[in-house]
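In: sequence? don't have it. structure:
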């Protein structure tokens, strides 16, 4: 049964190593001869990265001055936002954009590599490493550098370039920022606190500083490329990917009033977090799924998983999904793990598949990635953060 307050996805803007837009991704995921990952194994060796597809920035960011003052992560986000607005048929519509609310999930910008390199080289020889670190961070880093990296600059640039000038919120917190951005947009629609939302984020994985950050936690995969389900050896690891993804989400009532084409319906969503002691993430996911299982007919449903590839978390999620009895696809195998936009990107793949009434082809040979012989009607989208944060959503045909 439909409701005027249903949260519908009416626009998708997605860019990654697989290309630009929904159709480019669909073609890459269903290529004759099987899926072929796009991986850069040399630029940041020994780490692997899924690089961003080349973009003609003028198509979505027409002013060269705007392009120059943005870092890659901001350009990725602004570009994807423009694609989403185009997809939804609202780009350039000043009346709609004036009351479009925006919820962005974003991290920070790049660091000063020269300063970081000098500090890291000198730190081991310092008599007082703590004092040395504080002194040089205070004296060597330019204050303007920090101001240029602020997370809410992505929302600001989207407002400037595309004219989205309703309310704006920016969330930080890796995968959980993306899941809560979507959850809150759906909750506000249900509560009649908004009709039209632009939701998403962006990530630039082609950064030495971010790779170093996760390598210090021993979280990166450094062997030959393997899919998410194949990395369950010696701790597993992530292959990060540059991704920009924004969704236009609006109430059914609002979509109908402007004759918008609905790609999918987010019928349930839940987010939570745990300390990741054994079984805690599964307990969260089980509780979330029990509350939304009535939306799913397993014979016409699939799972799109945001599993990162970290062995412990991915193994636990794998066992949870085996109990669901539905074919699974891992987005991190397709275009890498992308932190903040990883959940919106998984929702984009779900909506894309539902709009075509079929699941895209398996991405690897793991038994989880079975084919779906029937038409696709529901997708369960998972997000178990690489460290914290568990979320589930059910996306259905609109």
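Out: Right, received. Where do you want to start? This structure is a prediction, so every number in the text was calculated from the model and none was measured.

In: Now do the strands in the stretch 101-250 of the chain.
Out: Assigned by DSSP state E, counting those that start in this stretch, the stretch 101-250 of the chain shows strands spanning 101-105, 168-171, 196-203, 240-241, 243-251.

In: Can you add distance to residue 216, mean neighbour count and mean pLDDT and give the ones you listed back as a markdown table?
Out: Heads up, the C-betas are built off the backbone N, CA and C, glycines and all. Below are the strands of the stretch 101-250 of the chain laid out as a markdown table (distance: least, Cβ to Cβ, whole Å; neighbours: other Cβ atoms under 10 Å; pLDDT from 0 to 100):
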| stretch | distance to residue 216 | mean neighbour count | mean pLDDT |
| --- | --- | --- | --- |
| strand 101-105 | 23 | 27 | 98 |
| strand 168-171 | 24 | 18 | 96 |
| strand 196-203 | 19 | 30 | 98 |
| strand 240-241 | 14 | 29 | 98 |
| strand 243-251 | 23 | 31 | 98 |
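
In: of all those strands, which lies closest to residue 81?
Out: Residue 81 lies closest, by Cβ to Cβ, to one member of these: strand 243-251, at 4.5 Å.

In: who does that closest one touch, helix- and strand-wise?
Out: In terms of contacts (3 or more Cβ pairs under 8 Å, 6 or more residues apart in numbering; DSSP states H and E), strand 243-251 is packed against strand 7-16, helix 72-88, helix 174-190, strand 196-203, helix 342-356.

In: Of the ones you listed, which stretch is the most buried?
Out: With neighbours taken as mean count of other Cβ atoms under 10 Å, these reach their highest mean count in strand 196-203, at a mean of 30.

In: who does that one pair up with?
Out: With DSSP bridges as the test, strand 196-203 is paired with strand 101-105 (parallel), strand 243-251 (antiparallel).

In: Could you figure out how far the longest one is turned away from helix 342-356?
Out: Here strand 243-251 points in a direction 60 degrees away from that of helix 342-356 (axes from the mean of the first three to the mean of the last three Cα atoms, to 10 degrees).

In: could the strands paired with strand 196-203 be laid out in a markdown table, adding distance to residue 362?
Out: Converted to a markdown table, the strands paired with strand 196-203 look like this (distance: least, Cβ to Cβ, whole Å):
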| stretch | distance to residue 362 |
| --- | --- |
| strand 101-105 | 29 |
| strand 243-251 | 21 |
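
In: Just tell me which of these ends up closest to residue 60.
Out: strand 243-251 (10.0 Å).

In: relative orientation of the closest one and helix 174-190 in degrees?
Out: Computed by the same axes, to 10 degrees, the angle between strand 243-251 and helix 174-190 is 20 degrees.

In: Make residue 1 into 373 and carry on from there
Out: With the count now opening at 373, the last piece we talked about shows up as strand 615-623.

In: what comes up buried for the next helix or strand after strand 615-623?
Out: Downstream of strand 615-623, the next assigned helix or strand under DSSP states H and E is helix 624-629. Across helix 624-629, burial judged by 16 or more other Cβ atoms under 10 Å covers 624, 626-627.

In: list the helices and strands whatever helix or strand comes next after helix 624-629 packs on?
Out: Using DSSP H and E, the helix or strand that directly follows helix 624-629 along the chain is strand 636-644. Applying 3+ Cβ pairs under 8 Å, 6+ apart, one finds that strand 636-644 contacts strand 379-388, helix 546-562, helix 652-664, helix 714-728, strand 762-768.

In: Format these as CSV; extra columns: distance to residue 608.
Out: Shown next, in CSV, are these (distance: least, Cβ to Cβ, whole Å):
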stretch, distance to residue 608
strand 379-388, 21
helix 546-562, 16
helix 652-664, 15
helix 714-728, 16
strand 762-768, 18
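
In: CSV please, covering these and showing mean pLDDT and distance to residue 412.
Out: Output for the helices and strands packed on strand 636-644, formatted as CSV (pLDDT from 0 to 100; distance: least, Cβ to Cβ, whole Å):
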stretch, mean pLDDT, distance to residue 412
strand 379-388, 98, 13
helix 546-562, 98, 22
helix 652-664, 98, 31
helix 714-728, 98, 19
strand 762-768, 98, 29
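
In: Against residue 386, how distant is residue 664?
Out: 24 Å (Cβ to Cβ, to the nearest Å).

In: Is it possible to get a markdown table of the helices and strands packed on strand 615-623 that adds distance to residue 526?
Out: Below are the helices and strands packed on strand 615-623 laid out as a markdown table (distance: least, Cβ to Cβ, whole Å):
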| stretch | distance to residue 526 |
| --- | --- |
| strand 379-388 | 13 |
| helix 444-460 | 5 |
| helix 546-562 | 12 |
| strand 568-575 | 7 |
| helix 714-728 | 13 |
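
In: I'd guessed residue 711 sits against residue 548; true?
Out: No - the criterion here is Cβ atoms under 8 Å, and residue 711 misses it with residue 548 at 9.7 Å.

In: what's the weakest-modelled helix or strand in this protein?
Out: In the chain, no helix or strand scores lower on mean pLDDT, DSSP states H and E than helix 515-519, which sits at a mean of 63.

In: re earlier: which one of the helices and strands packed on strand 636-644 lies nearest to residue 373?
Out: Closest approach to residue 373 among the helices and strands packed on strand 636-644 (Cβ to Cβ): strand 762-768, 11.8 Å.

In: Run through the neighbouring helices and strands of the closest one.
Out: Against strand 762-768 (3+ Cβ pairs under 8 Å, 6+ apart) you get helix 546-562, strand 636-644, helix 652-664, helix 714-728, strand 750-756.

In: which residues make contact with it from outside it?
Out: With contacts defined as Cβ atoms under 8 Å, 6 or more residues apart in numbering, strand 762-768 is touched by 381, 547-548, 551, 554-555, 636-646, 653, 656-657, 660-661, 664, 667-668, 715, 719, 722-723, 726, 749-756.

In: cool, and stretch 597-607?
Out: Contacts for stretch 597-607 (Cβ under 8 Å, 6+ apart): 409, 411, 413, 420, 590, 593, 609, 611, 677, 679-684, 686-687, 690, 702, 704-705, 735-736, 738, 740-741.

In: Give the buried residues for it.
Out: Neighbour-count burial for stretch 597-607 flags 598-601, 603-604 (criterion: 16+ other Cβ under 10 Å).
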